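> just a sequence and a predicted model for now, questions to come.
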Amino acid sequence: MKKYIKILMASLLVFTMIFSLAGCGQNKEASKEVSKVDLIKEKGKIVLGTSADYPPYEFHKEINGEDTIVGFDIEIAKAMAEELGVELEIKDMKFDGLLAGLKAGKIDFIVAGMSPTEERKKSVDFTQIYYKGVNKVLVRVEDKDKYNTVDDFKGTKVGAQKSSIQEDLAKNELKDIELKSLGKLTNLVLELENKKIDSIVVSEFVAEAYAKQNPKLALAGMEFGNGEDGSAIAIDKGNEELVKIMDKAIDKLKESGKLKEFIIEAIELSGE
């Protein structure tokens, strides 16, 4: 009898170990995280967040009778989607709402002439710099010779896009000014045309694009120091694989000369 009891106990112990090991395997499988890249490929699309009032980076243009968002940032975003083998969906948002949209999962990445500042790096990751320009001042054409040094801005009303690097430049480098920050650059341009502000601090290419479109506007002689920090693609933290894929795609665009083509074509398109 004792012999049978020992056999029964041994059998129960073996079954318990087998079920325990099986349970561990299931838990490991359940805890395996699905990467952002896998999720994007599973959906078959990647969602871009941008602020389409910033020619030639991104702006609205009527193409074949339809309102279309174009610009070299958009072409870069298309190249990122192509690298992943998925479709691109574009969401046009206010610039100061882009990071919040990324953190909330409403968009997958940002391409919007955004500089990778230390403050922004606290909440999101960035790819390598894909474009670096300088910042200039957009004014009414009759004032184009009026602003050549920082002292020339004293007592004037200066505009800048809200939460942009240009807003920081205006705050830090121009003294005794009245700064007006708005989310949409098009609204700032209207304020300038209607003489509610005297100038706008903006990226060089963007200033040139607006001046080319509008004969009432011109670039002042003032240029800001060492230029902007450059533009990079923003991705939510914890997605290193996606950052690496996009860095590799940016390398391809630079090496092939495609990136330069995108910029030249966008400048020409914004001036039509």
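Perfect, I can see it now. Numbering: from 1, shown residues only.
> C-alpha from now on. contacts and neighbour counts both.
Noted.
> residue 107 belongs to a helix?
No: per DSSP: H, G, I helix; E, B strand; the rest coil, residue 107 lies outside any helix segment and is coil.
> doesn't residue 45 make contact with it?
No: applying C-alpha atoms under 8 Å as the test, residue 107 and residue 45 come out as separate, 10.9 Å apart.
> which of these two has more neighbours?
Neighbour tally, residue 107 and residue 45, criterion other C-alpha atoms under 10 Å: the higher count belongs to residue 107, 22 against 17.
> measure that one to residue 164 for me?
To residue 164, residue 107 is 19 Å away according to C-alpha to C-alpha, to the nearest Å.
> over to residue 172?
Distance of residue 172 to residue 164, given as C-alpha to C-alpha: 13 Å.
> can you pull out the strands in the stretch 151-272 of the chain?
Applying DSSP state E, counting those that start in this stretch to the stretch 151-272 of the chain gives strands spanning 157-161, 178-182, 199-203, 217-223, 234-236.
> nope, the stretch 1-150 of the chain is what I was after
So, for the stretch 1-150 of the chain - with DSSP E, counting those that start in this stretch - the strands run 45-50, 53-54, 58-63, 66-70, 87-92, 109-110, 124-126, 135-140.
> partner strands of the second one, with direction?
The reference is to strand 53-54. Strand 53-54 has the following strand partners under DSSP bridges: strand 58-63 (antiparallel).
> returning to what we had before: weakest of the strands of the stretch 1-150 of the chain in terms of mean pLDDT?
Least confident of the strands of the stretch 1-150 of the chain, judged by mean pLDDT, is strand 53-54 with a mean of 88.
> who touches it?
Residues from elsewhere that reach strand 53-54 (C-alpha atoms under 8 Å, 6 or more residues apart in numbering): 59-60, 184-186, 206.
> just the buried members of the residues you listed?
Neighbour counting by 16 or more other C-alpha atoms under 10 Å classes 59-60, 184-185, 206 among those as buried.
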